[in-house]
Structures are given as C-alpha cells and as structure tokens.
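S.K.: Quick check, what structure comes out for this input:
(4 chains)
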Number of protein chains: 2
Amino acid sequence: MPTQEAKALAHRLKAVADPVRLRILSILLSHAEGEACVCDITDAFDLVGPTISHHLRVLREAGLVTSERRGSWVYHRATEDGTALYDHLVRVPAALT
Amino acid sequence: MPTQEAKALAHRLKAVADPVRLRILSILLSHAEGEACVCDITDAFDLVGPTISHHLRVLREAGLVTSERRGSWVYHRATEDGTALYDHLVRVPAALT
DNA sequence: CATAAAAATAGACGTGTGTCTATGAGTCCG
DNA sequence: CGGACTCATAGACACACGTCTATTTTTATG
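M.R.: Numbers count the residues shown, from 1 in each chain, chains lettered A, B, ... in the order given. Prediction:
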C-alpha cells in the first residue's frame, strides 16, 4: 500500500475510530428521515452539547456527515460515503469477534 | 449500536487508523510466506526500530498480528482477523475516494 | 427591541499517542 | 566467555485528542 493511500485511509478511519462518533452515525442512520439535531443526539449520551458538536465536526470534515440549518435547529445526516462506510464497518467479521 | 459494541469496534479501528500500521499490515501480507522480521519492515520506513516494535505491539494487542521468535529473528505475520480486516478495509469504496 | 433557545466556537485542561534515545534481553559465533 | 546482532522495553518529550465551561452567533417569539 502506497504511503499516500495509507495516509488517506488512516485519516478517514480515525474519524470513525471513536465510540461516540460510531454511535452518532448509528443514531443518524436509524433516525426518522435519516437526520437529527444536536439535542436529539445529546440525549443519547452523557456528554454536553459542545462535545457532540465537536464530534459532528470531525465527521463533517471527513465527509461522513452534512449539516443544514432549518429554523432554530441544525439537522445532521450521514452522507452517502458516511452511510457506506458505517454499513461496511458493522459487517467486518473480524471487528466484531 | 450499543455502547459496548461501539467501544469494541472503535478499539479495533484505532489499531488500524494509522498510516504506519496500515502499511505494516500491507507489508506482512505481501511478503514471502506472509511474514517478515522487524528489520524488513524498518527498511520500508523512515522510522527507527523501537518505533516499529511499538506499532507491532499495538497490532498484536488488537489481535491482528502474531509474533514468533526463530533464532535471532522475530517473525511477524498477520492473523486471520488481521488479514480479514485489512482486506475488508482496502475495499471500502468510501474510504478511498 | 428584548429575551430565550439552539448550536457553534474558543479556550483550558488532563490524557493518549507517536516518536526518539538509552538500555536490557535473547541468540549466534569465534 | 565475549562480542556482535536483533529486537523489546523503559523513559522522555511534543503533539493530538476528548472533554468541559464560557462566550458568541443565529433564529424565533413575546
């Protein structure tokens, strides 16, 4: 594997190599309409709002999540890449043993 | 995704979410007999021996690599899980875009 | 307009991570 | 034995990361 490719893949893997971010992706995908606001996500964790915002930004900068403001709320949803990566990961046999 | 499962998956992902460790796995899998000693691996990087040892330990503790001493050399090889995870990862479409 | 609510940003703080140098442990060979 | 070689471990150090509190921005509403 070329150094360049390893670097790019590692960068994307780092974005999902965190239990909170994995669960955020999971929540987005299982939510109605495939989207949720920060307050929805915060309820599922014992974490404060800004911390969730931080994780959402990491996911967004990795191209796995998009965010859109509609009125008072900001709705976050998994991108096509984010969905594909998540679906792929939860099916890694070795990763679940 | 349950918290427990997210934690376990994230832990395993952290082990491969590093460009050096990805390339180490790649090198092990492409080497003759599927194994290589530290000196073989060191040649492929601009890193010193103990650093490679450190990365090999991370991979070993994640169950992705095994190490066996035969004479002066220690031979490292990807486990079945390590092989499956690596093969799986390099085929994630979203991870390579 | 003023206030409240939702969320992002900024900054601080402790912990984890990747790297190095120095040292120790195991093995071969003269 | 003793030296050379391979590798792991220990310790140090800088930097990244996950979390929090405090503040700012954006929007809705009385």
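
S.K.: near chain B, which residues of chain A show up?
M.R.: A:1, A:3, A:5-10, A:12-14, A:16-23, A:26, A:64, A:80-82, A:84-85, A:88-90, A:92-97 (C-beta under 8 Å from any C-beta of the partner chain). For glycine as for every other residue, the C-beta is placed from the backbone atoms N, C-alpha and C.

S.K.: which residues touch the spatially closest residue to A:Val65 that is not a sequence neighbour?
M.R.: Distance criterion C-beta to C-beta, 6 or more residues apart in numbering or on different chains; nearest residue to A:Val65, sequence neighbours excluded, is A:Leu59 at 4.0 Å. Counting by C-beta atoms under 8 Å, 6 or more residues apart in numbering or on different chains, A:Leu59 makes contact with A:Ala15, A:Arg21, A:Ile24, A:Leu25, A:Val65, A:Gly82.

S.K.: Go ahead and report the secondary structure state at A:Leu59.
M.R.: At A:Leu59 the chain is in helix, as set by DSSP: H, G, I helix; E, B strand; the rest coil.

S.K.: That one and A:Ile27: what is the separation?
M.R.: Distance, A:Leu59 to A:Ile27, using C-beta to C-beta, to the nearest Å: 12 Å.

S.K.: coming back round to it: are any of the contacts of A:Leu59 buried, and which?
M.R.: Among the contacts of A:Leu59, those classed as buried by 16 or more other C-beta atoms under 10 Å in any protein chain shown are A:Ala15, A:Arg21, A:Ile24, A:Leu25, A:Val65, A:Gly82.

S.K.: Break down chain A into its strands, ranges please.
M.R.: Assigned by DSSP state E, the strands in chain A fall at A:35-37, A:65-70, A:73-78.

S.K.: counting contacts, what elements does the second one pack onto?
M.R.: This means strand A:65-70. For strand A:65-70, the packing partners by 3 or more C-beta pairs under 8 Å, 6 or more residues apart in numbering or on different chains; DSSP states H and E come out as helix A:19-30, helix A:49-61, strand A:73-78.

S.K.: now the angle from that strand to strand A:73-78?
M.R.: Per axes from the mean of the first three to the mean of the last three C-alpha atoms, to 10 degrees, the angle that strand A:65-70 makes with strand A:73-78 is 160 degrees.

S.K.: so where's chain A uncertain?
M.R.: Residue ranges of chain A with pLDDT under 70: A:93-97.

S.K.: what's the nearest residue to the spatially most central residue of chain A if we skip its chain neighbours?
M.R.: Closest residue to the average C-alpha location of chain A: A:Leu25 at 3.9 Å, with C-alpha atoms, centre = their mean. Nearest non-adjacent residue to A:Leu25, counting by C-beta to C-beta, 6+ apart: A:Tyr86, 4.7 Å away.

S.K.: Also A:Leu64?
M.R.: The shortest distance from A:Leu64 to any non-neighbouring residue, by C-beta to C-beta, 6+ apart, is to A:Gly82 (3.3 Å).
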